[in-house]
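*Asks:* Please find the sequence and the predicted model below.
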Amino acid sequence: MTSIPSKNLWIRRQQCPCGDWKCYVTYEGDAEETSSAAELVKTEKAASDSMVAPYVGMVFKSDEDAFEYYGNFARKNGFSIRKERSRLSPQLGVYKRDFVCYRSGFAPVKKKSTGEHHRDRKSVRCGCDAKMYLSKEVVDGVSQWFVVQFSNVHNHELLEDDLVRLLPAYRKIHEADQERILLLSKAGFPIHRIVKMLELEKGIQGGQLPFLERDVRNFVQNRKKVVQENDALLTEKRENDTLDLLEACKVTKEADENFVYDFTVVENDKIENIAWSYSNSVHAYNMFGDVVYFDTTYRSLTYGLLFGAWLGIDNHGRTIFFGCVLLQDEMPRTFSWALQTFVRFMSGRFPQIILTDLEPGLRDAIRSELPGTRHVISIWNILSKVPSWFSLPAGSRYAEFKSEFDALYHVESAEEFDLRWNQMVSMFGLSTDKHIGLLFSLRTSWALSYVRGCFLASMATTAYSKSVDAFLKGVFSAQTCLRSFFEQVGISANFQNQVHQEMQGIHLKTCIPIEEHARSILTPFAFEAFQRELLLAMQYATSEMPNGSYVVRHFKKIDGERLVIWIPEEHIHCSCKEFESSGILCRHALRVFVVKNYFQLPDKYYISRWRREISFLLDDDHNTQSIDDEWFQEYHSLTETLFTESATTKERSDYVHRELSKELTRILSEVRNLPETDGVTMDLTFTPTD
């Protein structure tokens with residue numbers, strides 16, 4: 001009997017970016033899952049240690065609960081169990097269950113065969129009388145199962161814990177391990193190497209897996225048969241679901257003319273790749289499309305499709321959705337089509353910066369399709385691969401290597417980076433390591449000394465990485481088909497792109513007028529970063545040079561001095577290049593402004609990206625007329641003043657939140673009681689949420 005996956009399952013792609021399928025890659029998330037699983041095992045073991053033996057009269061909610069309980073008891077005591085008999089009645093359905101020791105009863109006598117030779121396996125059954133019998137009763141309309149007989153007397157030796165785990169009933173390969181096994185098998189690993197790899201990943205000694213090598217061999221062989229049997233069904237399902245997805249795009253386009261999508265076809269008009277984006281995503285890109293993160297780390301197990309998501313960050317530090325694509329393969333030409341389509345969706349506007357993984361096909365496509373865009377490789381995507389790449393080559397010195405690698409990433413000058421990199425390679429004997437060679441060849445795209453000063457809009461941070469993961473988890477909730485996946489993407493994207501401006505009290509932490517002025521201009525997200533730099537600026541001393549520039553040093557640190565070039569009323573530049581990287585002035589430049597007795601910073605140091613008034617829900621092209629209306633300008637001014645004044649204390653914030661909600665509800669009620677039309681055509685297409 002053939003079967004196909006009932007859900008559209010998505011997993012992280014684990015092919016190494018060096019291009020070698022045999023190079024296995026693990027991720028930080030995998031370690032967390034392994035740790036969680038280990039904790040779960042500890043919890044279950046602790047529970048089993050305090051387990052009470054079944055007894056006559058013991059009550060269970062269901063027969064399955066009883067079987068699970070008896071199975072846990074059996075494992076703790078050195079044996080396993082099986083289901084034997086059940087009895088059925090028209091009124092109660094199954095009303096009796098018999099669970100027995102796996103060695104209960106005797107094997108039936110086999111008739112001698114004159115045909116082919118069959119292995120005469122010795123039966124393990126020896127007539128053991130250990131058992132637990134259950135009976136179902138309905139009490140107050142609720143079904144319950146009672147233990148009516150129980151015996152724990154065995155006529156055979158019970159096994160110790162290190163042997164009982166090898167009984168067939170307990171040799172189960174969990175889903176996470178199944179995925180690992182299939183991946184390694186596809187990469188060409190022999191069975192014994194797969195087992196060794198799993199032991200290394202789990203940090204256990206040889207032979208301590210909860211299954212045997214022959215279980216792995218049987219699983220791989222059986223899965224190959226299932227894949228072959230299901231291939232035709234999967235192909236048909238993939239084609240039908242892709243057509244449903246295309247139909248969903250057409251329906252969405254009819255309902256929203258600003259929705260955009262495109263696709264490619266191959267022979268027999270089969271859909272190959274498909275991409276789409278929403279109207280509010282295009283509007284968001286107009287405001288915050290300077291830096292784009294293109295995530296391509298997930299693939300569908302069911303359809304074999306690669307999922308790519310274009311993401312950004314708004315002025316409040318929230319991840320925003322620009323668009324997505326489903327691709328058949330990872331060839332440069334496929335990625336080229338995806339990038340071309342995305343730029344077309346965004347009215348031909350190229351991003352200034354694009355952040356991606358180490359994917360080689362994508363790197364080639366970016367070079368050809370986005371020649372004026374700076375390509376940066378996300379550092380967290382590199383760090384997640386470091387343990388898998390270097391834990392074995394570095395051996396017992398891996399911790400030392402990791403410390404040196406982390407320090408090397410923060411080196412400031414490119415010359416020093418190259419020098420120390422070569423020293424590190426020599427120190428740990430990695431001169432022939434292919435991953436070391438790959439990282440060094442791409443250093444201009446990821447090493448801080450090379451990308452410093454490149455505006456990344458605070459997207460190369462751990463916080464942003466976690467935000468992206470949260471968004472993707474919302475997208476990859478289990479889906480039954482591509483159409484429901486499309487709907488889930490729309491729900492997640494709409495939720496992510498909606499502005500939920502929280503009223504929050506932003507307290508001043510200094511008496512410096514610059515801080516108060518910045519609070520009135522910057523969003524809470526940007527002001528928090530600014531405030532942190534301003535506080536740290538107080539720990540620095542300045543020394544003025546003859547040319548008017550300043551050397552800024554921390555009061556404790558001897559090294560790490562910064563040069564701040566000062567041109568009065570025109571320009572300030574710090575050698576740390578923090579302003580160029582994040583759009584927020586660094587502590588060194590702020591220290592000079594304080595020394596110069598500035599009460600307010602020049603307006604050009606509050607870039608529009610981090611200002612309060614920026615909102616991607618207001619599109620200049622669509623709302624020019626409404627913004628020019630006098631009454632809207634008055635409304636906008638009042639609300640901006642209200643939000644600014646209320647943000648100074650929590651008491652003010654709570655009061656405005658409470659009273660404003662009541663007042664808006666009252667006005668809305670009165671508006672709805674007015675006539676719906678008075679014969680005058682109005683064009684009010686704005687969304688006054690700024």
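*Replies:* Ah, there it is.
*Asks:* dump the residue contacts of the closest residue to residue 492 other than its chain neighbours.
*Replies:* Nearest residue to residue 492 in three dimensions, chain neighbours excluded: residue 474, at 4.3 Å (CB to CB, 6 or more residues apart in numbering). For every residue, glycine as well, the C-beta is placed using N, CA and C. By CB atoms under 8 Å, 6 or more residues apart in numbering, the contact set of residue 474 is 488, 491-492, 495.
*Asks:* If we go by neighbour counts, what in whichever helix or strand residue 474 is part of is buried?
*Replies:* Take DSSP states H and E as the rule and residue 474 turns out to sit in helix 462-475. For helix 462-475, burial by neighbour count (16 or more other CB atoms under 10 Å) applies to 464-465, 467-469, 471-472, 475.
*Asks:* Next SSE downstream of that helix?
*Replies:* Criterion used, DSSP H and E; the element after helix 462-475 is helix 482-497.
*Asks:* The next helix or strand after that next one: how far from the chain's middle?
*Replies:* Counting by DSSP H and E, the next helix or strand C-terminal to helix 482-497 is helix 513-519. On the basis of CA atoms, centre = their mean, to the nearest Å, helix 513-519 sits 36 Å off its chain's mean C-alpha point.
*Asks:* what comes up buried for the helix or strand just after helix 513-519?
*Replies:* Downstream of helix 513-519, the next assigned helix or strand under DSSP H and E is helix 524-537. Applying a neighbour-count criterion of 16+ other CB under 10 Å, one finds 524-527, 529-531, 533-534, 537 buried in helix 524-537.
*Asks:* So which bits of the following helix or strand past helix 524-537 are buried?
*Replies:* Using DSSP H and E, the helix or strand that follows helix 524-537 in sequence is strand 540-544. The neighbour-count check on strand 540-544 (16+ other CB under 10 Å) flags 540, 542 as buried.
*Asks:* For strand 540-544, give me every contacting residue.
*Replies:* Strand 540-544 is touched from outside by 550-555, 564, 587-588, 591-592, 595, with contacts defined as CB under 8 Å, 6+ apart.
*Asks:* filter those to the buried ones?
*Replies:* Buried among the contacts of strand 540-544 (16+ other CB under 10 Å): 550, 552-554, 564, 587-588, 591-592, 595.
*Asks:* what's the distance between residue 18 and residue 432?
*Replies:* Distance, residue 18 to residue 432, by CB to CB, to the nearest Å: 13 Å.
*Asks:* Tell me which of these two has more neighbours.
*Replies:* Between residue 18 and residue 432, residue 18 has the larger neighbour count (other CB atoms under 10 Å), namely 16 against 9.
*Asks:* you'd agree that one is up against residue 435?
*Replies:* Yes: contact criterion CB atoms under 8 Å: residue 18 and residue 435 qualify, at 6.2 Å.
*Asks:* which regions of the stretch 351-500 of the chain sit below the pLDDT cut-off?
*Replies:* Counting by pLDDT under 70, the ranges of the stretch 351-500 of the chain that qualify are 478-480, 496-500.
*Asks:* what about 90?
*Replies:* Along the stretch 351-500 of the chain, segments meeting pLDDT under 90 span 357-361, 378-396, 409-413, 453, 458, 460-500.
*Asks:* what ranges do the helices span in the stretch 201-350 of the chain?
*Replies:* Using DSSP state H, counting those that start in this stretch, the helices of the stretch 201-350 of the chain run over 213-255, 279-288, 332-345.
*Asks:* Please convert those to JSON lines, extending it with mean pLDDT.
*Replies:* As requested, the helices of the stretch 201-350 of the chain are exported to JSON lines (pLDDT from 0 to 100):
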{"stretch": "helix 213-255", "mean pLDDT": "80"}
{"stretch": "helix 279-288", "mean pLDDT": "89"}
{"stretch": "helix 332-345", "mean pLDDT": "95"}
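*Asks:* Good, we can wrap up now.
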